[in-house]
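A.B. asks: quick one, fold the following:
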Amino acid sequence: MKNMMSLLAAMLLVAAGEGSLVAGETTAPRAKYCLFVTVDALDRDYVARNAAPNISQWEKQGAVFPDALNVFPTLTTPNMTSLVTGAFPCTTTIGANKVYVREENRIVGGPRFNKAVTIAEAFKSRGLSTAAVQHFMLEKRGTDEYARTEKGGSAEITSLALAMLADGTTPTRLLAVLYQSVDTVGHKRGAESAEALAETRSVDAEIAKLVKRYEELGILGETIVVISSDHGMSHRNKQIDLANLTRKVTEGGWKHEIITSNNPPTTGTDFFIIQGGNLNCYFNRAFSAEERERLFAALRCVEGVGNVYHGEALRRLRTHPNAGDFIVEPAPGWWFGGEMGVHGRNTESDGYEMMFGPGIRKGASVQGAFTVDLVPTVLHLMDIPISHTVDGKVLWQAVETP
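C.D. replies: Sure, this is the predicted structure:
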């Protein structure tokens, strides 16, 4: 788990081009294929608790990133976008699951207006075939073939992916697969529940079927396999009383609105809130610096509120303005909603990340990585140009050298 200071410090290192990166050249062997697997809400604690035996074995064959950080806020849509682009939300423009586009006075749920080049588009730029299953930020974004299932069951997702690797077909050079059931079970039953661990084991077995298929095709030795997660998951013990928060704000003399639909905010309020993990808050009029601090102080007094991020803190976290002018984050153990398993805070920036295959150092444990570093590392190993929209860096410590 990461606190705010460690995350900001790590972000500053990325901005300076330091931290997990070592300058230099490499002549590591190039891969021909990439299997890019993402497991929604695969907390690294689940792997540590032996809930993913296959993934644990693959760690010995490649590089693991034990403290890799997801992007903030740790919500699915911005993180899935960053995973497949190697770019922070400030570049992708996907700031949250639901955002406010101020220029158009429009609230957008499930935004898809990503401005960064995807890994699939990078492959296509070299004439390489691409496919994806369920990885929704790759739909119509560089994939030759795309499949999805409404049910989202892990076995069905595997079947769709295996169909893309059927006998008699030329294996696609990039196959991106997203499993979402661990997140679903975690929300319902809790991050620490036996059900969440059981679902992790089930998904781990499904991924093993994909890896085995690459072995059957005789191309596993030429394939980079990436296992990634968009965020971790925490257990909720207490629920924040939104009525109490409303009272604190009203007592301070501020009018506000909590948006529960995609309708634009009403006029006449001082600020409005989009609830989604955290409270993403937007000013509806100009606030003086002194008035802002009074408002933030009032919010911090609400039981269960942990942090109020604004200004420079949000810029350092590489968020996008459409995620909010300020973001109210629950304290550990607290949440605004009734779900048992939760994510959205910096606390849940502890998703699991690893990779193995040609050119990747076996048994490497690389500190200080970000999830946005995965795409540029894959592109480097496959000798594909890294787009100017990529914010991440090649993880040289994970790359074999002569």
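A.B. asks: CA only for contacts and neighbour counts going forward, please
C.D. replies: OK.
A.B. asks: list the contacts of the helix ranked longest in the chain.
C.D. replies: Ranked by residue count, the top helix of the chain under DSSP state H comes out as helix 194-216. Identification of contacts with helix 194-216 by Cα atoms under 8 Å, 6 or more residues apart in numbering yields 37, 42, 46, 51-55, 154-155, 158, 161-162, 165, 179, 181-182, 185-186, 189-190, 220-221, 223.
A.B. asks: please apply the same query to stretch 246-257.
C.D. replies: Against stretch 246-257 from outside (Cα under 8 Å, 6+ apart): Pro265, Thr266, Gly268, Thr269, Asp270, Phe271, Phe272, Ile273, Leu295, Ala298, Leu299, Val302.
A.B. asks: can I get it as PDB, trimmed to CA atoms?
C.D. replies: Taking C-alpha atoms only, stretch 246-257 is exported to PDB below (Å, rounded to 0.1, in the frame of the first residue of the first chain):
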ATOM      1  CA  THR A 246     -23.500  18.000   3.200                       C
ATOM      2  CA  ARG A 247     -24.200  19.700   6.600                       C
ATOM      3  CA  LYS A 248     -20.600  20.700   6.900                       C
ATOM      4  CA  VAL A 249     -20.600  22.300   3.500                       C
ATOM      5  CA  THR A 250     -24.000  24.000   4.000                       C
ATOM      6  CA  GLU A 251     -22.900  25.400   7.400                       C
ATOM      7  CA  GLY A 252     -19.900  27.000   5.700                       C
ATOM      8  CA  GLY A 253     -22.300  28.900   3.400                       C
ATOM      9  CA  TRP A 254     -21.700  26.900   0.200                       C
ATOM     10  CA  LYS A 255     -24.300  25.500  -2.200                       C
ATOM     11  CA  HIS A 256     -23.400  22.300  -3.900                       C
ATOM     12  CA  GLU A 257     -24.900  19.500  -5.900                       C
END
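A.B. asks: use 369 as the first number for this chain going forward.
C.D. replies: That works, and once the first residue is 369, the last one we named lands at stretch 614-625.
A.B. asks: what's the mean pLDDT across it?
C.D. replies: Stretch 614-625 shows a mean pLDDT of 95.
A.B. asks: now that stretch: how far from the chain's centre is it?
C.D. replies: Between the centre of stretch 614-625 and the centre of its chain there are 33 Å (Cα atoms, centre = their mean, to the nearest Å).
A.B. asks: buried residues in it, which are they?
C.D. replies: Of the residues in stretch 614-625, Thr614, Lys616, Val617, His624, Glu625 count as buried by neighbour count, 16 or more other Cα atoms under 10 Å.
A.B. asks: and the two most separated of these?
C.D. replies: Lys616 and Glu625 (13.6 Å; Cα to Cα).
A.B. asks: possible to save the contacts of stretch 614-625 as JSON lines with pLDDT?
C.D. replies: As requested, the contacts of stretch 614-625 are exported to JSON lines (pLDDT from 0 to 100):
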{"residue": "Pro633", "pLDDT": "92"}
{"residue": "Thr634", "pLDDT": "89"}
{"residue": "Gly636", "pLDDT": "92"}
{"residue": "Thr637", "pLDDT": "96"}
{"residue": "Asp638", "pLDDT": "97"}
{"residue": "Phe639", "pLDDT": "97"}
{"residue": "Phe640", "pLDDT": "97"}
{"residue": "Ile641", "pLDDT": "96"}
{"residue": "Leu663", "pLDDT": "97"}
{"residue": "Ala666", "pLDDT": "96"}
{"residue": "Leu667", "pLDDT": "97"}
{"residue": "Val670", "pLDDT": "95"}
